[in-house]
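Visitor: No letters, just coordinates:
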C-alpha cells in the first residue's frame, strides 16, 4: 500500500522538480518527495474522484498534513487543476521558478545541501520529522534529545563548530568516509 510511501524512508533528501501537468499518482509521487520545486508551467490535480476512484496512494494521509483537512478534502473531492502559484500558496509545492530554471533550481538545492550539511544529520532529521508526525510533543522531544546527544559529540559537530569559528564552510564526512 502507498506505492510511493517508501520515499519518506529513504535517508537521502528526495527533491521533486514539477513541470507541466501532474495528476493522480504522478501528483502523489511529487508530494511524497521531501521538497518540491515547480515551474510556472506546472498544473497539479488529484483527479481520483473524477475517475470514479477514491483518494489513494497515501493521499488521505499526506494532503491533510500539507494543506489542512478542509483544503485536502476540497482538493480530493473537486479535483480542480491548481496552478503553481496557488499550489505554493497552499503548501503543495515549496518553490516556484521559471520552466527554464527548474532543473538548475532543483540540482542547486541538492548541491547546496550537500555542501553545507552532513549526510548523517540530514538522514536523522528526515527520520525524526516523518517519525514525529504521529507522536505527541513530549515523545518527540525525548527522541530528538537522544539523537542530539549522539550527534553533539560526533566529528561532524566538531567540524561545524570549527568552521563557524574560522568563518568558513564546513567540510563534513561523506557516507563511506572513514
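Guide: Received it, and whenever you're ready, just let me know what you need. These figures come from a predicted structure and were not determined experimentally.
Visitor: so how far is residue 148 from the residue lying closest to residue 64 once chain neighbours are set aside?
Guide: The shortest distance from residue 64 to any non-neighbouring residue, by Cβ to Cβ, 6 or more residues apart in numbering, is to residue 72 (4.3 Å). (C-beta placed from N, C-alpha, C; glycine too.) With distances taken as Cβ to Cβ, to the nearest Å, residue 72 is found 32 Å from residue 148.
Visitor: just to revisit the earlier point, what about the strand or helix carrying the residue nearest to residue 64, distance to the chain center?
Guide: Applying DSSP states H and E as the criterion places residue 72 in helix 69-78. Computed by Cα atoms, centre = their mean, to the nearest Å, the chain-centroid distance of helix 69-78 equals 21 Å.
Visitor: what packs against the helix or strand following it?
Guide: Tracing the chain C-terminally past helix 69-78 and defining elements by DSSP H and E, one meets strand 82-83 next. Other helices and strands packing on strand 82-83, by 3 or more Cβ pairs under 8 Å, 6 or more residues apart in numbering; DSSP states H and E, are strand 43-45.
Visitor: Neighbouring strands of the strand it packs on in the sheet, and parallel or not?
Guide: Applying DSSP bridges, strand 43-45 is found paired with strand 21-23 (parallel), strand 82-83 (antiparallel).
Visitor: could the ones you listed be laid out in a markdown table, adding distance to residue 117?
Guide: Formatted as a markdown table, the strands paired with strand 43-45 follow (distance: least, Cβ to Cβ, whole Å):
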| stretch | distance to residue 117 |
| --- | --- |
| strand 21-23 | 28 |
| strand 82-83 | 31 |
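Visitor: low-confidence ranges in the chain?
Guide: Residues of the chain meeting the criterion pLDDT under 70: 1, 176-178.
Visitor: The closest residue to residue 127 other than its chain neighbours and residue 20, how far apart?
Guide: Once flanking residues are discounted, residue 127 sits nearest to residue 11: 7.3 Å by Cβ to Cβ, 6+ apart. Applying Cβ to Cβ, the value for residue 11 to residue 20 is 29 Å.
Visitor: Equivalent analysis for residue 160, please.
Guide: Residue 160 is 40 Å from residue 20, by Cβ to Cβ.
Visitor: Pick out whichever of these two has more residues nearby.
Guide: Taking neighbours as other Cβ atoms under 10 Å, residue 160 and residue 20 compare with residue 160 leading, 19 against 11.
Visitor: Cool, thanks, talk later.
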